[in-house]
Structures are given as structure tokens and as C-alpha cells.
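>>> Starting from these lines, generate the structure:
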Amino acid sequence: MTKIDWQADLDQLATELPMLHENLFFNLEADQFNTSINTLKGRLDKMDNYPIVMEIAQIVAAVGDAHTSVALPRDSRLPLECYWFQEGIFITATLPEFEELLHHKVVKVDGMPIDVVIERLSRIVSHENQSFLMSQVPNYLICADILYGLNIAHNIKSVRITIETSNNEERDVLLPTIKYEEWQVGTVDEKTRAFNELPLYRKNQGKYFWSEFNPEKKLLYINYNNCKDMPNLTVREFSDQLINDIKSNAAIERMVIDLRNNGGGNSELFKGFLKWLSTFGRLNRQGKLFVIVGRDTFSSALLNTFYLKNNSHAVFLGEPTGGKPNHYGEVKYLSLNSSGLYIRYSTKYYELDDDSNLPSFMPDALFAVTFKDYIQNIDPCMDWILQEDF
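Presented below is the predicted three-dimensional model:
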């Protein structure tokens, strides 16, 4: 991005995004949006491309629509992955040469305290509630382009992080950045542990959907991670298989539908199964049907959640959802002509709850995601379901 007419791109953003979005100024004054753009235009001559992109992301994020955001270019990253637990942000995967960092808490980035880092990142994360912010921040935290553009890191080729050990001691580590395509080869994470030790929701992460029957507990567990067809199995085929299995196996007395890792796709794909389930009296009863949701339950997965809320007797448990019940969605893309930046924007409004101010879908039973549970391979949601006597 060396020869970019940012003035023209900002003019295009100011003109086209309000026309394309279903209702861009539902939460933000038009004057505020235009003033932010004009202020940035007045400073372009003194700025590099990275900070310009971050400021555009901040302007778009200020709209307050989690589906409307800048598709940020991501070229270089840290050689690790993180998760924001109740106790803080911890490293959950690394390349083999940095394995000693695994399961340590991140407390600083280039000397900046993690709370300040989170505050800066939150300005460019389009979100409508704390749950979605917690879902997205770890993905932004590992991106060197973003860290550099926000002046969190001072070098895009290497980033110094400070970790806190189990003895509450701090240690600085200088990490060389890698290309995103270099990441997956040889990573060290929970997949290196015995597969059977993992809780169900952390198994088969490469699959969009799968199921497992526990004959001892007479419980069918359905993991629905993505509202999309897999190359070798469609959601419709999976749904038909589930219906046949449930009808033919009277031993299935309880069911769990796990949506906690589902960020969306096409809500209609699973609708056929959910509609059938709503009429199946053996399982659509209090104490027989359970739905797990969380910070990553978003968009189409949230639509599936509300269908179950309105058409079943399910008990819901987990975290507040990342998706806001009444929200804008049905995403399309605007490409800025000079830079090629893509802007996601919403084209439809979904009203799922009578309370328009409700920030998240709130489950009946709340369970925080803790590092203590994670490291011990505990799933408090499933433990509660299996131990309760309904």
C-alpha cells in the first residue's frame, strides 16, 4: 500500500457507507462520523499507512455495529495464540521453539500494560457487548500489523512481550514475527495432549459439526461450531442423520446442543433439525434439552439460539453471547477504490427480543471461562448437566 489516494478513499467512505448500510447512524451522529473522517483527512500528510488504516477502523468501529467493520490486512503475527479467561489473557498455543511460553499470562506488550493494550485494541474492534470484545481481542493482540499501527509495538518484525509465570514473576521475551501462512505447521497446544483428556467442546475443532452419544448418561451431545456445510457432509445430511439416530434409539433421553464456538454463517441450514426437534416431545421437555452458548455465539448462531428459546423447553447455560439479540447483520462489502480496503457493512435489522437494549442473550445458568478449568480440562457446563438430577 505505497501509492494510495487516502483522501479519495475517505471521501468514498463518507459518501457510500451511509447509503449502503441499513441504518448507519442508529447509534452515532452523522456529524460525529463526518468530523472524524475530516479530521483524519487533515492529518494524512504526517501519517504512515498502518496508522491510517487503524484510524479508519476506529471510525467504522465507532458506529457500534459488530457486523460493520474494516477487514484489516493481516500479514505478520506473533508465533502464538491467546485466550481471554476470567483471570486474564493467557497463551494457549505456540510454535515449538517457544513452547516454554505456553500457559503463561500476558501482562505487557512492548512495555505497555495489558489493560492499556486492551483499551487501544477495543477502539478498533466493532462490538456491541463485553462478550464479543473478549472474543475478538486475542485475535487482534497477536497481529503485528495492528500492534504497530496502534503504536503498541514499535517494530513490525519483532515484538517484546512480558509474561507472568506461575510464581507471579515477570519475564520479557522478544518474539520474531512470522507470516500468517507459517503458523499452523508444528504448533504446540492442547492437540499435543491426549485427545480423550479434552472436554468435548475442545475436540474435533476442524469439524463444523459432529455428535457423540454417551450411553451411560443416555445423553446425545451435538457440537455445532459453524453454520456452514463441510466439503464431505452438508448440514442437511448431518441433520437427517441425527433425526434418524434419535428416532431409532430410545436410549437417548437427554440432548445437548453446543453453540458456544459458533460464529455464524447461514442460520437456515440447521433450521430444519431445530424445527423437527421443537415437535419431538421425548426431548423437547424441561430437563431433557440443553443449549450451551458463549462469547463466540454470534450472528446466525444467535438466530438459532433464539429459535430454540422461542420454540423449545431448553435450559440455556454458558456465557452471555457475543451477538446482541437486536442487531444489524446480513453483511455485504464495500471496497475502497485506491487502497483496496474492504469494509463490512450490515444490510438488515434483526429484532429478536422485546428489550432493544439487551446487550447479550443471557443463559439461564452462567458459567465463566476460567484458566483454572481450562488447564485442568474441565467443562463446567457439561459437568453441571451431567451432575444435575432433573
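>>> Give the burial count for residue 369, as a bare number.
If you count neighbours by other CB atoms under 10 Å, residue 369 ends up with 20. For every residue, glycine as well, the C-beta is placed using N, CA and C.
>>> Same question for residue 54.
23.
>>> What sits closest to it if chain neighbours are left out?
Take residue 54 and drop its neighbours on the chain: the residue closest to it by CB to CB, 6 or more residues apart in numbering is residue 149, 3.9 Å away.
>>> can I assume that neighbour is in contact with residue 50?
Yes. With contacts counted by CB atoms under 8 Å, residue 149 reaches residue 50, the gap being 3.6 Å.
>>> which neighbours do these two share?
Shared contacts of residue 149 and residue 50, defined by CB atoms under 8 Å, 6 or more residues apart in numbering, are absent.
>>> quick one: residue 330 from residue 13, how far?
Distance, residue 330 to residue 13, using CB to CB, to the nearest Å: 20 Å.
>>> cool, residue 363 as well?
According to CB to CB, residue 363 and residue 13 sit 38 Å apart.
>>> could you say which helix or strand contains residue 60?
Secondary structure assigned from DSSP states H and E places residue 60 in helix 49-61.
>>> can you pull the contacts of residue 14?
Here residue 14 is in contact with 33, 34, 37 (CB under 8 Å, 6+ apart).
>>> Give me the pLDDT for residue 215.
Listed pLDDT for residue 215 reads 95.
>>> Phi, psi for it please.
Main-chain torsions, residue 215, degrees, to the nearest 10: phi -70, psi -30.
>>> try residue 223
phi -100, psi 120.
>>> And for residue 246?
For residue 246, the backbone dihedrals (degrees, to the nearest 10) come out as phi -70, psi -40.
>>> likewise residue 94?
Backbone torsions for residue 94, taken as degrees, to the nearest 10, come to phi -150, psi 170.
>>> was I right about it contacting residue 101?
Yes. Here residue 94 reaches residue 101: they are 5.4 Å apart, a contact under CB under 8 Å.
>>> Now do the shared contacts for the two.
residue 80.
>>> all helices for the stretch 51-200 of the chain, in order.
Secondary structure of the stretch 51-200 of the chain (DSSP state H, counting those that start in this stretch): helices at 114-122, 130-141, 144-149.
>>> Point out the most buried one among those helices.
Comparing the helices of the stretch 51-200 of the chain by mean neighbour count (mean count of other CB atoms under 10 Å), helix 144-149 ranks first with a mean of 24.
>>> Residues touching that one, excluding its own?
50-51, 53-54, 72-78, 109-110, 121, 124, 140-141, 152-157, 159, 177.
>>> Mind checking which of the residues you listed land in strands?
Assigned to strands by DSSP state E, the following of the contacts of helix 144-149 qualify: 76, 77, 109, 159.
>>> before we move on, back to that, neighbour count winner among residue 330 and residue 13?
Per other CB under 10 Å, whichever of residue 330 and residue 13 has more neighbours is residue 13, with 21 against 14.
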